[in-house]
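Engineer: Structure of the sequence below:
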Amino acid sequence: MKIIFSPVSKAITLRFVLAFFIFLGSLFLNLPDAQCTSFLKDKDKKEVQLPKPVTEGINYLMQTVAGNGNVFDGSRIKALLAYVDQSEPTDSIINLPKRDSANGAAMRMTVNAGLDRILEYTYNPDIPNYAIYPSVIRVSGWYPESQFYADKVQPWKYLGDCDSPRMWRGKEFEVNTPDSFGGGYYRYDLNRLLVLLKYDGRDAFLSVSRQADESEVGMKGLVVDDNQWNYFYSGIPGLTKGGMGWMDTYMYDSMSVSVYIQDRNDPNKTVNYLFKWLRAGWAGLNVVRPNHIFEGSQRFARAFNSLMESKTLPAPQEFAERVREIEAMPKAEVDARISEYAKNVEEYARKHPVISDKFQEVYEGGKYADKFTREERIGILVKEYVKQAMGKQCLIFTRLVQNDK
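Structural biologist: Below is the predicted model of the structure:
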């Protein structure tokens, strides 16, 4: 008997097949080596039902980041700020309700550093984000037309003068470090809104982002040593883990609201509450779970806290000056340093079970970085500078840090 599929039945069949693969992918992506809780346990975790005024505040922020106005109504987010300020310390995942079909998770942490220090490093137009977020961002940058970058805004200088909210906008690109559950990394654009204002007599700062468009296709990568901020980038489309290496994956949408408030008991500490939603996968289907988002947030927090609380990190002015010097290096000098880097990557790659098995053609013969752009090469040098300052394992032995303190 011959069976003929109609166009509708073909679509249904394809959807079923894709859904089946998604299910298998979810199981693969949650294996123990991915350091994530199981799919079923994740589904069992109870969502936090945000109070309606808090949700309305987040809605207002998302509307504002998508707009182009120059006036910010601080009263619209008072409930959100109060929610963050009154939140209890926790190391556990905070499951958020879905937003625009994206799964969400939140994280709360206390940073043993004042808001002025955080702003002077983290929201400094002369210090790239990837240097301060080395565990989650490979490279990043502001587009030249961005107000924040074009005006060389220094938000920390307005901490004593923000009774009326101050607002800045910008558009930036990012490439994330490989995620720990699939090994994928992506390039995407973000619209960003930055707001400085007073709350209960204390300074508060918000960084709000929304992904501008679908990301570029995901590439195969690997977390080599997250504690040392070492990651492998293959330049080959697909996923490294999960049994779905051949699939083209994308980040379809991401949203985040990061709130910083001076600790009410200690002005030298800062409470940071991160709300994040993410939708990514293949064929338009989302395979990201809240625990994946939370695990990435924890990776961010470990590195960020260590930098903000460090006694050895160069002062912001010195840091920014060294970044400028690295960015201005002539091609020959950059190539010489990157050649040393590639040889050391090859040395550890030969001993790594996954890299040596799957990616020999990428690193053999010292050619690991041959296809890297100047942007990516400069990113390596800046990160090696930060790693050296923090006493991390470096893959370039030529001294990059001039820190005599």
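Engineer: If you drop the residues flanking it in sequence, what lies closest to D225?
Structural biologist: If the residues on either side of it in the chain are set aside, D225 comes closest to Q393, at 7.4 Å by Cβ to Cβ, 6 or more residues apart in numbering. Yep, even glycine has a C-beta here, placed from its N, CA and C like the rest.
Engineer: Same check on R302?
Structural biologist: S135 (6.8 Å).
Engineer: That neighbour and F181, how far apart?
Structural biologist: Distance of S135 to F181, computed by Cβ to Cβ, to the nearest Å: 15 Å.
Engineer: Please apply the same query to G221.
Structural biologist: Separation of G221 from F181 (Cβ to Cβ) stands at 12 Å.
Engineer: likewise H292?
Structural biologist: Distance of H292 to F181, given as Cβ to Cβ: 5 Å.
Engineer: E88 too?
Structural biologist: Relative to F181, E88 is positioned 28 Å away (Cβ to Cβ).
Engineer: more crowded one of the two?
Structural biologist: With other Cβ atoms under 10 Å as the criterion, E88 and F181 differ in neighbour count, and F181 comes out ahead with 27 against 5.
Engineer: Any regions of the stretch 151-300 of the chain where pLDDT drops low?
Structural biologist: With pLDDT under 70 as the threshold, the stretch 151-300 of the chain has low-confidence stretches at 242-245.
Engineer: Can you check the distance spanned by stretch 310-318, start to finish?
Structural biologist: In terms of Cα to Cα, to the nearest Å, the two terminal residues of stretch 310-318 are separated by 15 Å.
Engineer: Figure out how far that stretch is from the centre of its chain.
Structural biologist: 22 Å (Cα atoms, centre = their mean, to the nearest Å).
Engineer: just stretch 328-335 next, same as before
Structural biologist: Taking mean C-alpha positions (Cα atoms, centre = their mean), stretch 328-335 and its chain are 28 Å apart.
Engineer: Now it: buried residues?
Structural biologist: M329, V334 (16 or more other Cβ atoms under 10 Å).
Engineer: Now P178: closest residue in space that isn't a chain neighbour?
Structural biologist: Spatial nearest neighbour of P178, excluding adjacent residues (Cβ to Cβ, 6+ apart): G221 at 3.2 Å.
Engineer: Specify the local secondary structure of that neighbour.
Structural biologist: The assignment at G221 comes out as strand when based on DSSP: H, G, I helix; E, B strand; the rest coil.
Engineer: In CSV, could you pull the C-alpha coordinates for stretch 180-198?
Structural biologist: C-alpha atoms of stretch 180-198 as CSV (Å, rounded to 0.1, in the frame of the first residue of the first chain):
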residue,chain,number,x,y,z
SER,A,180,28.5,24.5,29.4
PHE,A,181,25.6,22.4,28.3
GLY,A,182,26.0,22.3,24.5
GLY,A,183,29.3,24.1,23.9
GLY,A,184,27.7,26.6,21.5
TYR,A,185,28.8,30.2,21.1
TYR,A,186,27.0,33.0,19.2
ARG,A,187,27.4,36.5,17.9
TYR,A,188,24.4,38.8,18.4
ASP,A,189,23.5,42.5,18.8
LEU,A,190,21.9,44.1,21.9
ASN,A,191,20.0,47.3,22.5
ARG,A,192,20.9,48.5,25.9
LEU,A,193,19.4,51.0,28.3
LEU,A,194,21.4,52.4,31.3
VAL,A,195,19.7,54.3,34.2
LEU,A,196,21.1,55.9,37.3
LEU,A,197,18.7,57.1,39.9
LYS,A,198,18.0,57.4,43.7
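Engineer: how many neighbours does N191 have?
Structural biologist: Each residue near N191 was counted by other Cβ under 10 Å, and the total is 17.
Engineer: Paired strands for the helix or strand hosting D203, with orientation please.
Structural biologist: Using DSSP states H and E, D203 sits in strand 202-211. Next to strand 202-211 in the sheet, as set by DSSP bridges, lie strand 187-199 (antiparallel), strand 250-262 (antiparallel).
Engineer: Out of these, which one sits most buried?
Structural biologist: Looking across the strands paired with strand 202-211 with neighbours counted as mean count of other Cβ atoms under 10 Å, the highest average goes to strand 250-262: a mean of 22.
Engineer: Pull up the pairing partners for the very next helix or strand once past that strand, direction included.
Structural biologist: Once strand 250-262 ends, the next helix or strand along the chain (criterion: DSSP H and E) is strand 270-282. In the sheet containing strand 270-282, the strands it pairs with under DSSP bridges are strand 102-111 (antiparallel), strand 250-262 (antiparallel), strand 285-286 (antiparallel).
Engineer: Dump those to TSV, plus distance to R322.
Structural biologist: Compiled in TSV, these are given as follows (distance: least, Cβ to Cβ, whole Å):
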stretch	distance to R322
strand 102-111	23
strand 250-262	25
strand 285-286	40
